[in-house]
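Trainee: I would like the atomic coordinates for the input below:
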Amino acid sequence: MILENFKRESIVPMPVTFISTISENGVRNIAPYSCFMPVLRPFDLVCVASAKRRDTLVNLRSTGEFVINMPGTDMADKVIPTALHVPPDIDEFELAGLKEKPSKKIKAPGIEGCYAWMECKLDHIIEEVYDGFPYALILGKVVYLEVEDSVYDKESGSWDVEKAKPLMMTGSDEGMHFCTVNGIGKFEPYGAMFKNGKDPLERMYKKEEGQECK
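Mentor: Residues are numbered from 1 along each chain as shown. Predicted structure coming up:
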């Protein structure tokens, strides 16, 4: 079956994240974003694609800070309340019935109940216009990364997707289908991709003796 070229979400499962920010006036904002990705394995950068007319973009321009919150499937009912277009002076934590999780390195708060949090500082914004539609690519530097102990194996650096049940979505002609991911019991080391069998970034994952995960 041949699809219209724009219907990429119909064949690509996408993560659901909640980006929390705070305005210059101290108003808390939350918005769901799925056009999100880490930028290459060695970096601490993330990239978010955003329409220009979003309070999230206004807030992170003015404060330079945001939190990417990773929800599980139990928070699927929080997507629409945080996606609604409401005036910028509305506190969206209160609107969605979500509790604040104080951040460690920035003022913008995270969201209690998620399984992981990326506190970010704005690196830079790339602004473009495509086919008459203005949009922005937000590059953020992760300054503090935290995950629930219960879903993370500190020794192997693996996380348990069966426990975390990350909230995902796929698109259709009429809306969003929410889903999650499941392991299939197959593992390959990074080194398997290289002729010498060694991961060139292995040193990044080695902890000094007694060093805690950051």
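Trainee: Specify the local secondary structure of residue 69.
Mentor: Three-state assignment for residue 69 (DSSP: H, G, I helix; E, B strand; the rest coil): strand.
Trainee: Test my guess that it contacts residue 19.
Mentor: Yes - look at residue 69 against residue 19 with Cβ atoms under 8 Å: they come within range, at 7.4 Å. C-beta here means a position set from N, CA and C on the backbone, and glycine is covered the same way.
Trainee: Show me which of these two is the more surrounded one.
Mentor: Between residue 69 and residue 19, residue 19 has the larger neighbour count (other Cβ atoms under 10 Å), namely 28 against 25.
Trainee: can you pull the contacts of that one?
Mentor: Residue 19 sits next to 30, 31, 32, 33, 48, 56, 66, 67, 68, 69 when contact means Cβ atoms under 8 Å, 6 or more residues apart in numbering.
Trainee: could the residues you listed go into a markdown table alongside distance to residue 131?
Mentor: Output for the contacts of residue 19, formatted as a markdown table (distance: Cβ to Cβ, whole Å):
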| residue | distance to residue 131 |
| --- | --- |
| 30 | 29 |
| 31 | 23 |
| 32 | 24 |
| 33 | 21 |
| 48 | 20 |
| 56 | 22 |
| 66 | 27 |
| 67 | 31 |
| 68 | 27 |
| 69 | 31 |
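Trainee: Now rank the residues you listed by neighbours and give me the top one.
Mentor: Going by other Cβ under 10 Å, residue 66 tops the contacts of residue 19 with 29 neighbours.
Trainee: Alpha carbons of the strand or helix carrying that residue, as CSV, please.
Mentor: Under the criterion of DSSP states H and E, residue 66 resides in strand 65-70. What follows is strand 65-70 as a C-alpha-only set of coordinates in CSV (Å, rounded to 0.1, in the frame of the first residue of the first chain):
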residue,chain,number,x,y,z
GLU,A,65,15.4,25.7,30.7
PHE,A,66,13.1,22.8,30.3
VAL,A,67,12.5,19.3,31.5
ILE,A,68,11.7,16.3,29.3
ASN,A,69,9.6,14.0,31.4
MET,A,70,9.2,10.3,30.3
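Trainee: can you list contacts of it?
Mentor: Contacts of strand 65-70 (Cβ under 8 Å, 6+ apart): 15, 17-22, 33, 36, 46, 48, 56, 59-60, 103, 106-111, 114-122, 140, 164, 166.
Trainee: Check stretch 171-187 too.
Mentor: Residues outside stretch 171-187 that contact it (Cβ under 8 Å, 6+ apart) are 7-10, 13, 16, 72-73, 76, 79, 161-162, 165-170.
Trainee: And stretch 101-109, by the same measure?
Mentor: By Cβ under 8 Å, 6+ apart, stretch 101-109 touches 20-22, 28, 59, 63, 65-67, 93, 100, 110-112, 114, 117, 119-121, 143-144, 146.
Trainee: hey, C-alpha coordinates of that stretch in CSV?
Mentor: Output of stretch 101-109 as CSV, limited to C-alpha atoms (Å, rounded to 0.1, in the frame of the first residue of the first chain):
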residue,chain,number,x,y,z
LYS,A,101,8.8,17.1,41.0
PRO,A,102,11.4,19.7,42.0
SER,A,103,14.4,19.8,39.7
LYS,A,104,18.0,19.5,40.8
LYS,A,105,19.9,21.8,38.4
ILE,A,106,17.2,24.1,36.9
LYS,A,107,14.2,26.1,38.1
ALA,A,108,11.7,24.5,35.7
PRO,A,109,10.0,21.6,37.6
